[in-house]
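>>> Kindly generate the corresponding structure for this input.
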Amino acid sequence: MVDRITFDPRILGGRASLRGMRIPVSVIVGQIAHGAGWDEVLADYPDLETEDIQQALSYAAWLAQEEVVTA
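Residues are numbered from 1 along each chain as shown. This next block holds a predicted model:
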């Protein structure tokens, strides 16, 4: 369940954000991907909670699921 991921056309043009804040999921996932630790991300974004990071990563994993269809 990703109840912390929100899509609002008035916030970030409808891009996935966390709890209606102007914090894009892509930024958080990108920071983790580039080696930032959770504590570092939480320090950079004091309004975030650990559950926000977990759901951002879960959402990214869900988006990355792919189905390969061979001919």
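>>> contacts, neighbours, all on C-alpha from now
Will do.
>>> Residue 69 versus residue 56, what's the distance?
Per CA to CA, to the nearest Å, residue 56 is found 28 Å from residue 69.
>>> more neighbours, those two?
The residue with more neighbours, out of residue 56 and residue 69, is residue 56; 24 against 5, by other CA atoms under 10 Å.
>>> mind checking how far that one is from residue 26?
Going from residue 56 to residue 26 by CA to CA gives 8 Å.
>>> mind checking how far stretch 32-45 is from the chain centre?
Distance of stretch 32-45 from the chain centroid (CA atoms, centre = their mean, to the nearest Å) equals 12 Å.
>>> Identify the residues contacting that stretch?
28, 31, 48-50, 53 (CA atoms under 8 Å, 6 or more residues apart in numbering).
>>> same thing with stretch 1-21?
With CA under 8 Å, 6+ apart, stretch 1-21 has contacts from 22-26, 52, 55-56, 58-59.
>>> could you redo the last one with a cut-off of 7 Å?
With CA atoms under 7 Å, 6 or more residues apart in numbering as the test, stretch 1-21 has contacts from 22-25, 52, 55, 59.
>>> from the contacts of stretch 32-45, which two are the most distant?
31 and 49 (15.1 Å; CA to CA).
>>> So residue 21: helix, strand or coil?
Counting by DSSP: H, G, I helix; E, B strand; the rest coil, the backbone at residue 21 sits in coil.
>>> how many other residues sit next to residue 25?
Count around residue 25 with other CA under 10 Å applied: 21.
>>> hmm, which of the contacts of stretch 32-45 are the buried ones?
Buried positions within the contacts of stretch 32-45, assessed by neighbour count (16 or more other CA atoms under 10 Å), are 28, 48, 53.
>>> and those residues as CSV, adding secondary structure and pLDDT?
What follows is these, written out as CSV (DSSP: H, G, I helix; E, B strand; the rest coil; pLDDT from 0 to 100):
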residue, secondary structure, pLDDT
28, helix, 98
48, coil, 97
53, helix, 98
